[in-house]
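Asker: Generate coordinates for the sequence data below:
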Amino acid sequence: SGGTNQVALTWNAPAGGAGSYNIYRATTTGVTKLTGADAGAATSTSFTNTDLASGTPYYYVVTAVNAYGESDESFEVFATPTSAGAPGTPDTTFNGGGFATHNDAGGEGSAERALAVAISSAGSIYAVGEAQGVSENLDMIVWAFLPDGGLDSSFGGAGFVSSSNVAGGNGIDTASSLAIDSTGRVLVVGYSYNLSNNYDIVVWRYNANGTLDTTFGPGATGFVVYNSNFAGAVSHDYGMGVAIDSAGRIVVVGRSYVGAPTSYDGVILRLTDGGVLDSTFGTGGASFYNASTGGNNWDLMSDLAFTATGEMIVAGSSRRGVNLDDATLWKVLPDGGLDSTFGTAGVFKHSGLSASAFTVARGLVIDGTGRIVMAGYSTVSPDPSAAMLWRVTPSGALDTTFNDAGFVAWTGTASGAAYFTGLAIDSAGR
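Answerer: Numbering: from 1, shown residues only. Predicted coordinates:
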């Protein structure tokens, strides 16, 4: 079969066996071992011929070699190598079209969404999200894909696993983010509907084969549910981001309902490897953040990353007035306190398109020089949202070497809204 500038060949071994095989090729039909070029040799029944010209058909025959000499040629086969494609075009070596899809993970064959993705050190691709279950509720789903885009059947038997009703409300269970630890286990954070008609933070941990890790969580369940109403009101708690620090501790960010008038605090939880709240962090393993931009209303945390020296940078938004949210970064010390040397009292904020905008940060990364890049969007009603990128210095100021302003806005099509919800940086720093 033809691949990117290569052809892969397989064949059956002869009845009498063979010690090795010779492979001959030509760019016209009728190749023999006398007229063809020596493409190489193999000791097994497969061979990949590399460094070929894309779009050119190659014709092949194979001979078997044993103690009696070299056999006659096999039947001729041919294949045409493909091109790697221009930058920005779909990579056709991934599932044939550059993308992979799946449906019916929840058993209902209906709504299904992947909301976050991560790649393991072995090249496995994991996605998490939700799918409609047989009871027409939403179930949390983890999918595992091979590097070529096919489902990895070694994960859960079918390439995906589901979880439902972990908080007891038999409603919505969904995943927001994931992280892969040093042993290949998959940590998933999200939330689940409970019997009190609100949501609880949930952290699941799966082994590399798709089974729940029974060393994690109370009662060997493989998950933990946090329904402590962390910020003080008996209502919603959402897990939105997760990462693992250099000591192997699990850090979760999200939001917790405070009470009227419809107010949330940003919340950070730190867990031990076994899924227990780490009492050396914050108060009993949890720390809360409110009024970060002066509005004392909505503080929402979405994503996090660790600096080279172990502090965490958290991205989200904080409300400073009625429907006026700022994209926000918090720099948090290992004990849960804010780093006062960063930004203003540990917080960086930006209003986006204008002082009258509703602006949110959804994702962030830290580059090789310690600069923070965050992605999100900004809206000035009634105009559509503009997707935004910001770059912030390690000390918490806009980096004006980035687009001369420290940020860039992209409005997408003339009539539609644009949103950035995540980002990554490649090896060239782009």
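
Asker: Where does the prediction get shaky in the protein?
Answerer: Residue ranges of the chain with pLDDT under 70: 84, 86, 108-110, 228-234, 260-262, 292-296, 413-415.

Asker: Name the residue most distant from the centre of it?
Answerer: The C-alpha centroid of the chain is most remote from Tyr68, which lies 55.4 Å away (C-alpha atoms, centre = their mean).

Asker: any idea how far that one is from Val61?
Answerer: As judged by C-beta to C-beta, to the nearest Å, Tyr68 and Val61 stand 19 Å apart. Heads up, the C-betas are built off the backbone N, CA and C, glycines and all.

Asker: Run a quick neighbour tally on Asp273.
Answerer: Using other C-beta atoms under 10 Å, Asp273 has 16 neighbouring residues.

Asker: Mind telling me what element it is part of?
Answerer: Following DSSP states H and E, there is no helix or strand that holds Asp273.

Asker: just the strands in the stretch 1-150 of the chain please.
Answerer: Counting by DSSP state E, counting those that start in this stretch, the stretch 1-150 of the chain has these strands, from start to end: 2-3, 6-10, 20-26, 37-42, 46-49, 58-66, 69-70, 77-79, 107-119, 125-133, 138-145.

Asker: Ranking those strands by mean neighbour count, which comes first?
Answerer: Mean neighbour counts were compared across these using mean count of other C-beta atoms under 10 Å; the top stretch is strand 138-145, at a mean of 25.

Asker: helices and strands around it, which ones?
Answerer: Contacts defined by 3 or more C-beta pairs under 8 Å, 6 or more residues apart in numbering; DSSP states H and E place strand 138-145 against strand 107-119, strand 125-133, strand 160-163, strand 168-180, strand 186-194, strand 199-206.

Asker: tell me the contacts of the residue sitting nearest the centre point of the chain?
Answerer: What sits nearest the mean C-alpha location of the chain, by C-alpha atoms, centre = their mean, is Val117, with 2.1 Å. By C-beta atoms under 8 Å, 6 or more residues apart in numbering, the contact list for Val117 reads Ile125, Tyr126, Ala127, Val128, Leu178.

Asker: export these to TSV and tack on distance to Thr401?
Answerer: As requested, the contacts of Val117 are exported to TSV (distance: C-beta to C-beta, whole Å):
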residue	distance to Thr401
Ile125	34
Tyr126	35
Ala127	34
Val128	35
Leu178	33
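
Asker: Do I have it right that Pro56 meets Thr28?
Answerer: That one is not Pro; residue 56 is Thr. No - using C-beta atoms under 8 Å, Thr56 is not in contact with Thr28, being 10.6 Å away.

Asker: coming back round to it: any chance of the strands of the stretch 1-150 of the chain in JSON lines, plus distance to Thr359?
Answerer: Output for those, formatted as JSON lines (distance: least, C-beta to C-beta, whole Å):
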{"stretch": "strand 2-3", "distance to Thr359": "45"}
{"stretch": "strand 6-10", "distance to Thr359": "47"}
{"stretch": "strand 20-26", "distance to Thr359": "59"}
{"stretch": "strand 37-42", "distance to Thr359": "58"}
{"stretch": "strand 46-49", "distance to Thr359": "50"}
{"stretch": "strand 58-66", "distance to Thr359": "55"}
{"stretch": "strand 69-70", "distance to Thr359": "72"}
{"stretch": "strand 77-79", "distance to Thr359": "52"}
{"stretch": "strand 107-119", "distance to Thr359": "21"}
{"stretch": "strand 125-133", "distance to Thr359": "25"}
{"stretch": "strand 138-145", "distance to Thr359": "29"}
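
Asker: List just the one of those that sits closest to Asp299.
Answerer: strand 107-119 (21.5 Å; C-beta to C-beta).

Asker: can you give me how far that closest one is from the chain middle?
Answerer: Relative to its chain's centre, strand 107-119 lies at 12 Å (C-alpha atoms, centre = their mean, to the nearest Å).

Asker: Ok, stretch 420-430 next?
Answerer: 12 Å.

Asker: next one: stretch 47-60
Answerer: Per C-alpha atoms, centre = their mean, the centroid offset for stretch 47-60 relative to its chain is 34 Å.

Asker: out of the helices and strands packed on strand 138-145, which comes closest to Ala387?
Answerer: Here strand 107-119 is closest among the helices and strands packed on strand 138-145 (C-beta to C-beta), at 17.4 Å.

Asker: circling back to that earlier point, of the contacts of Val117, which is the nearest to Ala428?
Answerer: Among the contacts of Val117, and counting by C-beta to C-beta, the member closest to Ala428 is Ile125, at 21.6 Å.

Asker: which one is that closest one nearest to, not counting chain neighbours?
Answerer: Phe145 (4.2 Å; C-beta to C-beta, 6 or more residues apart in numbering).

Asker: For Leu52, see how far away Val7 is.
Answerer: For Val7, the distance to Leu52 - C-beta to C-beta - is 6 Å.

Asker: Spell out which residues are contacts of both of the two.
Answerer: Applying C-beta under 8 Å, 6+ apart, one finds that Val7 and Leu52 are jointly contacted by Tyr58, Pro81.

Asker: The closest residue to Gly285 other than its chain neighbours: what's it in contact with?
Answerer: Counting by C-beta to C-beta, 6+ apart, the nearest residue to Gly285 once its immediate chain neighbours are dropped is Leu277, at 2.8 Å. Applying C-beta under 8 Å, 6+ apart to Leu277 gives the contacts Leu269, Arg270, Leu271, Gly284, Gly285, Ala286.

Asker: Relative to Asp299, how far out is Leu277?
Answerer: 20 Å.

Asker: How about Thr35?
Answerer: Thr35 is 75 Å from Asp299, by C-beta to C-beta.

Asker: and these two? which has more neighbours close in?
Answerer: Asp299 (29 against 11).

Asker: give the contact list for that one.
Answerer: Per C-beta under 8 Å, 6+ apart, neighbours of Asp299: 255, 264-266, 289-292, 316-319, 328.

Asker: Tell me the one of the residues you listed nearest Thr48?
Answerer: Among the contacts of Asp299, Gly316 lies closest to Thr48 (C-beta to C-beta), at 47.3 Å.

Asker: What's opposite the closest one in the beta bridge?
Answerer: Counting by DSSP bridges, Gly316 is bridged to Met301, Thr328.
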